[in-house]
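> This is a predicted model, with the sequence first.
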Amino acid sequence: MASFAYPDRIFPTVQTSRLPALLPGVGLCLAVTGSAYALEAGERALAGKAWLEALVLAILIGTAVRSLWTPDERWHEGIAFSAKYLLEVAVVLLGASVSAATILAAGLPLLAGIAGVVVSAILLSFGIGRLLGLPTRMALLVACGNSICGNSAIAAVAPVIGADSDDVAASIAFTAVLGVVVVLGLPLLGIALGMGGLAFGALAGLTVYAVPQVIAAASPLGATAVQMGTLVKLVRVLMLGPVCLVLSLVAPRLAPQSVPEGEFVAGAPTAKRMDLAHLVPWFIIGFLALVACRSLGLVPTVAIAPIGRSATLLTVVSMAALGLGVDVRTVAKAGGRVTMAVVLSLLGLAAISLTLLAALHIE
């Protein structure tokens, strides 16, 4: 999401005094969610199956609404809450569907491969950005956003390297728009390549920006794809901490920001020490805790299905909010070099990911 983001915290807090301010935006997200489920039901009634599920329809409807109408400030808090906190709760609940056996079944080679993909993609993307003439900090933002977790990575890396606010805004705009494009296009690629659930889930986890977007992209290929995609994506997100630590060591050696030619306007921010409290988001801790509970038999079997349905509903609401935060017109403002850098970096990430899956013989 582009313009309605909250700063990250270890544990989210929602003050009761804020509830009236949340209601309009949350209500709008629920309306989009209801429309998505209604369209899915219509598809099933007319065609016997849903070609586009509610997860994807929520993004499309939200994006269409946002492109035709810009919500004013009274909607912002509720949309931001739905896009951030509700999806984080959904991720936590997904932990009930994953056991330690599932993680171990992924195997050490895959877990090591995920780290290798992230590092390789960052280096490749940074190189592409610099070859296309992007400033160093902008190239780093694009590289980390594409390679780890989209706007969350951009927001975390920006203060570490002292990035300019205009560069951050342009990077996040592309994350929002291309995130939707990848969610819609990746299942078509998976079907065209004849990929199985495990392979496609791993591909989605390695290439899609955010956890709920991974779920949306993997859903057309079944529950196995969703579980594998979620697992791979969360391992990928955990790479944000080590990457930020490395960048905090590199940041003092970066050249001072200057005013380059063209569309990039320099500011004078300075790199900051990385706050370790932001390296492991609260929802990853919650997810791992619920995985542990499931593995120890503390989650009743009868509760797993209702928890899964609740996670799906919250994810659809968050996808509606994501769509409502995307204005496709913002891409044109970022400039051609940024467009080319992001697209080529994304294609490079996909190529690296497919190479890993082939090497590990994941089908």
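Sure thing, it's come through.
> Give me the contacts around the strand or helix carrying residue 139.
Applying DSSP states H and E as the criterion places residue 139 in helix 136-144. Here helix 136-144 makes contact (CB atoms under 8 Å, 6 or more residues apart in numbering) with 121-123, 125-126, 128-130, 134, 153-154, 157-158, 161-164, 167-168, 170-171, 174, 243, 247, 254-255, 257, 264, 338, 341-342, 345. Every C-beta, even on glycine, is put in place using the N, C-alpha and C of the backbone.
> From the chain's centroid, how far away is the strand or helix carrying residue 235?
Following DSSP H and E, one finds residue 235 within helix 223-237. Remark: helix 223-237 is offset 12 Å from the chain centroid, using CA atoms, centre = their mean, to the nearest Å.
> Mind listing what's buried along that helix?
Across helix 223-237, burial judged by 16 or more other CB atoms under 10 Å covers 225-237.
> and that helix, average pLDDT?
In this model, helix 223-237 has a mean pLDDT of 85.
> what's the answer for stretch 78-97, then?
Rounded mean pLDDT across stretch 78-97 is 83.
> Stretch 326-333 now?
The average of the pLDDT scores along stretch 326-333 is 64.
> Distance check, residue 114 against residue 254.
As judged by CB to CB, to the nearest Å, residue 114 and residue 254 stand 27 Å apart.
> same thing with residue 163?
In this view, residue 163 and residue 254 are 10 Å apart by CB to CB.
> ok, these two, which is more surrounded?
residue 163 (25 against 16; other CB atoms under 10 Å).
> contacting residues around the more buried one?
Contacts here follow CB under 8 Å, 6+ apart; on that basis residue 163 touches 137, 138, 140, 141, 157, 269.
> Now do the SS call for it.
Here residue 163 is recorded as coil under DSSP: H, G, I helix; E, B strand; the rest coil.
> measure it to residue 359 for me?
34 Å.
> Give the next helix or strand downstream of the helix or strand of the chain with the lowest mean pLDDT.
Every helix and strand of the chain was ranked by mean pLDDT, DSSP states H and E. The lowest is helix 100-106, at a mean of 67. Scanning forward in sequence from helix 100-106 by DSSP H and E, the next helix or strand is helix 108-131.
> any idea of the angle that next one forms with helix 223-237?
Calculated by axes from the mean of the first three to the mean of the last three CA atoms, to 10 degrees, helix 108-131 forms an angle of 60 degrees with helix 223-237.
> Just name whatever secondary elements helix 108-131 is in contact with.
Secondary-structure packing of helix 108-131 (3 or more CB pairs under 8 Å, 6 or more residues apart in numbering; DSSP states H and E): helix 136-144, helix 197-207, helix 223-237, helix 336-360.
> Would you format the contacts of residue 163 as CSV with pLDDT and neighbour count included?
Output for those, formatted as CSV (pLDDT from 0 to 100; neighbours: other CB atoms under 10 Å):
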residue, pLDDT, neighbour count
137, 86, 27
138, 85, 25
140, 90, 29
141, 88, 30
157, 80, 26
269, 45, 17
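> In CSV, list those residues along with distance to residue 96.
Formatted as CSV, these follow (distance: CB to CB, whole Å):
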residue, distance to residue 96
137, 40
138, 40
140, 36
141, 35
157, 31
269, 41
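> Closest one of those residues to residue 38?
Using CB to CB, residue 141 comes nearest to residue 38 of these, at 38.5 Å.
> out of everything not next to it in sequence, what's closest to the closest one?
Among residues not flanking residue 141 along the chain, residue 171 sits closest, at 4.4 Å (CB to CB, 6 or more residues apart in numbering).
> Check the gap between that neighbour and residue 224 for me.
Per CB to CB, residue 171 is found 33 Å from residue 224.
> same question, residue 345
On the measure of CB to CB, residue 345 and residue 224 end up 28 Å apart.
> for residue 286, same thing?
Distance, residue 286 to residue 224, by CB to CB: 23 Å.
> Can you pull the poorly scored residue ranges out of the stretch 101-250 of the chain?
Flagging of the stretch 101-250 of the chain using pLDDT under 70 yields the residue ranges 102-106, 152, 155-156, 164-166, 168-170, 172-173, 176.
> Does anything pack onto the host helix or strand of the residue nearest to residue 141? Which helices or strands?
Per DSSP H and E: residue 171 is located in helix 165-192. With contacts defined as 3+ CB pairs under 8 Å, 6+ apart, the secondary structure elements packing on helix 165-192 are helix 54-68, helix 136-144, helix 151-161, helix 197-207, helix 211-218, helix 301-324, helix 336-360.
> Out of those helices, flag the one nearest residue 47.
helix 54-68 (13.9 Å).
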